[in-house]
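# I'll drop the sequence and a predicted model, then ask my questions.
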Amino acid sequence: MSLSAAELERYARHIVLQDVGGPGQQKLKAARVLVIGAGGLGAPVLLYLAAAGVGTLGIVDDDTVSLSNLQRQVIHDTDQIGEPKVASAAEAIARLNPHVKVEPHPVRLRPENALALISRYDLVIDGSDNFSTKYLVSDACFFARRPLLAGAVGRMDGSLTLLKPYESDADGQPNPTYRCLFPERLPDGALPTCAEAGVLGALTGVIGALQAMEAIKEITGFGEGLVGRLLLYDARAMRFETIRYRWSRKNPLTGDTTLTYPELAGA
């Protein structure tokens, strides 16, 4: 995709970067990215990807803006309380970068719509806050053969990884799945929500910005991705750690006993 004179000026600091340049900026413009959730993680993801010039941003969220969201969900503001989050986020993106197309999906992701929706995009970023959605998104991304940047936050900590289990590593072994990393799904409600336990607002900004950074790397093709690596952040200690994880034969996607999407959906 060609860049207009206005876009060349807007993205000038990217274009002079050797790792991005004009070709990388054109890849960003051509990219279609789906963001699950316009909340604490989705807000910084959407803002940074819009600023970076990602051509099309899909947003999945069926919630409305509330006053308690504004402590961390920086894409929304006070005047938008009561408005659907997908609409509020689209308005903020339009103000920030008119070159970005927004595709709002004011729905809850479910087994019956996840695969079709995810298949329309090149990359998926998960900012959801419940286990059912996280497993559903990861399974649907596997069957749709779409890379997934999965992020999560707790009270004072967060994590991030990149999933491409439909590909193999240099040794010919399948890349790990989300179910290799977390084989046992906790039921929704097993852990306290942010409304019950609290969450540091800036923490979601840290993890969301990292998700956006990894998305830009994945789209433009520079650097080393987080496949098989889980990045952990401890806000109290201001410490980052990385742990490696591997493919498990017990996972139901690429293991010894595999299941189809209808069998896995919602499981």
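Arrived safely.
# residues contacting the residue nearest to Ser168 when sequence neighbours are not counted?
Setting aside the residues directly before and after it, Ser168 is nearest to Pro174 in space (C-beta to C-beta, 6 or more residues apart in numbering), at 5.5 Å. Heads up, the C-betas are built off the backbone N, CA and C, glycines and all. Residues near Pro174 by C-beta atoms under 8 Å, 6 or more residues apart in numbering: Pro165, Glu167, Ser168, Trp247, Thr254.
# export these to TSV and tack on distance to Val227, secondary structure and neighbour count?
Below are the contacts of Pro174 laid out as TSV (distance: C-beta to C-beta, whole Å; DSSP: H, G, I helix; E, B strand; the rest coil; neighbours: other C-beta atoms under 10 Å):
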residue	distance to Val227	secondary structure	neighbour count
Pro165	9	coil	24
Glu167	8	coil	10
Ser168	11	strand	13
Trp247	11	coil	19
Thr254	14	coil	20
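# from the residues you listed, pick the one nearest Val35.
Pro165 (20.3 Å; C-beta to C-beta).
# for that closest one, which non-adjacent residue is spatially closest?
Pro165's closest residue in space is Thr177 (C-beta to C-beta, 6+ apart), at 4.1 Å.
# if I look at the one you found, how far off is Tyr261?
Noted for Thr177: a distance of 13 Å to Tyr261, by C-beta to C-beta, to the nearest Å.
# those two: who's more crowded?
Shown here are Thr177 and Tyr261; by other C-beta atoms under 10 Å, Thr177 has more neighbours (25 against 15).
# that one against Asn251, yeah?
Yes - using C-beta atoms under 8 Å, Thr177 makes contact with Asn251 at a distance of 5.0 Å.
# closest to Ser159 among the contacts of Pro174?
Distance to Ser159 across those (C-beta to C-beta) is lowest for Pro165, with 17.5 Å.
# related to what we said a few turns ago, so which of the contacts of Pro174 comes closest to Leu231?
Scanning the contacts of Pro174 for proximity to Leu231, where the rule is C-beta to C-beta, the winner is Pro165, at 17.7 Å.
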